[in-house]
Each structure stands twice: as C-alpha cells, then as structure tokens.
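Got a predicted structure here, sequence first:
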Amino acid sequence: MPTKVTIYHNPRCSKSRAALEFLQSHEIDLTVIEYLKDSPDHKTVESILAKLGMKAEQIMRRGDRLFKELGLHKGDPAAAQLIDALVEHPALLERPIVTTDDAAAIGRPLTNVIELIDEL
C-alpha cells in the first residue's frame, strides 16, 4: 500500500514552497493542506507531534510576535495549552511540516524532507 504524504503548507513561505516543489517534482501522491486556511485540530497536532517525536513547543514559531503576545513565553505552559494555541493560531506552527503514515519532518532545512522521502 502506498504511503500517504501530507504537507502542511503556507504558500507565502519560501521554505514551504521549496518543499512543495521538491515533493511535486518527485511525483509523490500528495495532500496539500494550507494550514492557515484549514487549521489542524487537536488530534491532528498530537499525531504530528508523535510522528516527529517532539513536544509542542518544538514545532512553534517561538520568535513570532504572536507567541509573545499570547504569553506563551512565560513560565512553563502545559502541552495541552500549547496545542490549543496551535489549533487556535495556526500561524504559530513551524513550516512546512511533511508527514507520512508513520513519520514526519519539519522542512527547515529542506534536507529534512528529502531524508523523510528517501526513507519511503
């Protein structure tokens, strides 16, 4: 059975566009989710985290002004609070993220996506 590949894509991001171009050039059966328009739900974010083997704060754009405005830089917010913030404010999601059936990679740098696809 072929592996399902999904990219959480922001067309305004050069890194995201580069990852999408790479995937398309390799004729991979691909689902493109523009996550700013179609925000992943709590369960999807948890699935992405599990595939990445990361915690929520590791896939957040911590330098983003919104991260600070929401006070997420203060103290030690619970994982559920951070996931809720990602669902509510998908712009905080690091980009792009490419997932397969059982693994994922953040596409910064693009070599992370290349390595993920090479394992298929």
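Sure thing, it's come through.

residues contacting the closest residue to Ile59 other than its chain neighbours?
Spatial nearest neighbour of Ile59, chain neighbours left out: Glu94 (4.9 Å); criterion: Cβ to Cβ, 6 or more residues apart in numbering. Using the backbone N, CA and C atoms, a C-beta is placed for each residue, glycine as well. Going by Cβ atoms under 8 Å, 6 or more residues apart in numbering, Glu94 touches Ile59, Met60, Arg61, Ile106, Arg108.

among those, which are in strands?
Members of those lying in strands (criterion: DSSP state E): Ile106.

Would you confirm that Leu72 contacts Ile83?
No. Using Cβ atoms under 8 Å, Leu72 is not in contact with Ile83; the gap is 11.4 Å.

Looking at the two, which is more packed in?
Counted by other Cβ atoms under 10 Å, Leu72 and Ile83 do not tie: Ile83 has more neighbours, with 24 against 21.

what's the spacing between the more buried one and Arg65?
Here Ile83 is placed at a distance of 20 Å from Arg65 (Cβ to Cβ, to the nearest Å).

One more: Thr31?
Distance of Thr31 to Arg65, computed by Cβ to Cβ: 30 Å.

try Leu92
10 Å.

Comparing those two, which residue is more hemmed in?
Taking other Cβ under 10 Å, Leu92 and Arg65 do not tie; Leu92 has more neighbours (20 against 9).

residues in contact with the more buried one?
Met60, Arg61, Asp64, Leu66, Phe67, Leu72, Ala85, Leu86.

which element is Leu86 on?
helix 79-88 (DSSP states H and E).

Could you check stretch 63-74 and say which residues are buried?
Residues Asp64, Phe67, Leu70, Leu72 are the ones in stretch 63-74 that count as buried (16 or more other Cβ atoms under 10 Å).

mind listing the helices in this structure by residue range?
All helices of the chain, identified by DSSP state H, fall at 14-25, 42-52, 65-69, 79-88, 110-118.

okay if I get those as a markdown table plus distance to Tyr8?
Listed next are these as a markdown table, based on distance: least, Cβ to Cβ, whole Å:
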| stretch | distance to Tyr8 |
| --- | --- |
| helix 14-25 | 8 |
| helix 42-52 | 8 |
| helix 65-69 | 17 |
| helix 79-88 | 11 |
| helix 110-118 | 12 |
